[in-house]
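A.B. asks: Coordinates for the following, if possible.
(one chain, ligands or ions: 2)
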Amino acid sequence: MRMNDNVRRVTIRDCSIGGPDLTVMGGPCAIESREQIFAIAEVVAASGGRFLRGGAFKVRTAPTTFQGLGWDGWRLLREAADAHGLLTVSEILEDAQIEQARRYIDLAQIGSRNMQNTSLLKALGRSGMPVMLKRGFGCTIDEWLHAAEYILQEGNEDVLLCERGIRTFETATRFTLDVAAIPIARARLGVPVIVDPSHAAGQRDWVECLTLSGVAAGGDGLLIETHPNPSEALSDGPQAVVLSEFPALMARARHVAAAVGRSIPVALAMSAAVG
Ligand code: PEP
Ligand code: MN
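C.D. replies: Ligands and ions are numbered 1, 2, ... in the order given. Sure, this is the predicted structure:
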């Protein structure tokens, strides 16, 4: 594939994002227990994943649903990631969480519903933490890129974008993955774009084809929800890839990556953190 050479590499610890290697981020929608997050971390690491994702402070549509484990969730996320040589990505909801979050989170996610929360954008910009800005599901590419500029303007260049689907008239999927937005946003802002097929699909049956199309469209990484037992998941179970199927999904994504001149690394040699 014709790589856009103007795309900035974002380096988080030992992980370089935006180059030929795609960055895989996998994990549950919400961290639920020690057993759950450790089981997932093991498979994500063994499948070539670099980041363990998991929400601890959840923005749920309805207030009566599971809102996450909070700080305990972040502690578990960190422990499980460290045990398997992974980095962590999780959504930060409020400016006030940022200082403490640094202990647990390597990449701060700004969720779709907060994309235009300019106070949070500026605060994360000032913090210098690497930030992944999800696209608001009702926002244009222009609005998304302007939101990213609030972070960049504070001098923070460690910014990733994440296409996670937009609301259209179609209801067969939860959202509509805007595949064209991947190369367009990447070229216009010059930052890496991560693809989240999970929230776009809303159902696990369609996660694979959206994953593959995101890789084909030049995404710099994948953010995929997976759970050992999705029918019992406390959040977003229907779209979670069954954990035992995650390695095969990565293997298929690897073929598409190769076809467009990119690669998805296989598992790192088990890191020193494990031994
Ligand atoms: C999530 O990543 O679990 C999430 C809530 O995503 P979004 O903000 O894209 O809905
Ligand atoms: Mn989710």
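
A.B. asks: rest of the way, CA atoms for contacts and neighbours
C.D. replies: Fine.

A.B. asks: give me the number of residues near the residue lying closest to Pro20 once chain neighbours are set aside?
C.D. replies: Closest residue in space to Pro20, ignoring its immediate chain neighbours: Arg262 at 4.9 Å, by C-alpha to C-alpha, 6 or more residues apart in numbering. Residues near Arg262, counting by other C-alpha atoms under 10 Å, number 22.

A.B. asks: Arg262 reaches Ala216, doesn't it?
C.D. replies: No - contact criterion C-alpha atoms under 8 Å: Arg262 and Ala216 do not qualify, at 9.4 Å.

A.B. asks: what pairs with the lengthiest strand in the chain, and is each one parallel or antiparallel?
C.D. replies: Counting residues, the longest strand in the chain under DSSP state E turns out to be strand 221-227. If you go by DSSP bridges, strand 221-227 pairs up with strand 23-27 (parallel), strand 193-195 (parallel), strand 241-242 (parallel).

A.B. asks: pull the CA atoms of it into PDB?
C.D. replies: Taking Å, rounded to 0.1, in the frame of the first residue of the first chain, the C-alpha atoms of strand 221-227 are listed here in PDB:
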ATOM      1  CA  GLY A 221      -4.300  -0.400  14.400                       C
ATOM      2  CA  LEU A 222      -7.300  -2.200  15.600                       C
ATOM      3  CA  LEU A 223      -9.300  -1.800  18.800                       C
ATOM      4  CA  ILE A 224     -11.400  -5.000  19.300                       C
ATOM      5  CA  GLU A 225     -13.600  -6.100  22.200                       C
ATOM      6  CA  THR A 226     -13.300  -9.700  23.300                       C
ATOM      7  CA  HIS A 227     -14.600 -11.600  26.200                       C
END
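
A.B. asks: outside of that strand, which residues touch it?
C.D. replies: 17, 22-29, 36, 40, 53, 193-198, 211, 215, 233, 237, 239-243, 246 (C-alpha atoms under 8 Å, 6 or more residues apart in numbering).

A.B. asks: what subset of these is also close to ligand 1?
C.D. replies: Restricting the contacts of strand 221-227 to those near ligand 1 by C-alpha under 6 Å from any ligand atom leaves Cys29.

A.B. asks: if we can go back for a sec, what about the longest strand of the chain and ligand 1, touching?
C.D. replies: No - on the criterion C-alpha under 6 Å from any ligand atom, strand 221-227 is out of touch with ligand 1, staying 7.9 Å away.

A.B. asks: List the buried residues of that strand.
C.D. replies: 221-227 (16 or more other C-alpha atoms under 10 Å).

A.B. asks: how about JSON lines for the residues you listed, with pLDDT added?
C.D. replies: Listed next are those as JSON lines, based on pLDDT from 0 to 100:
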{"residue": "Gly221", "pLDDT": "98"}
{"residue": "Leu222", "pLDDT": "99"}
{"residue": "Leu223", "pLDDT": "99"}
{"residue": "Ile224", "pLDDT": "98"}
{"residue": "Glu225", "pLDDT": "98"}
{"residue": "Thr226", "pLDDT": "98"}
{"residue": "His227", "pLDDT": "98"}
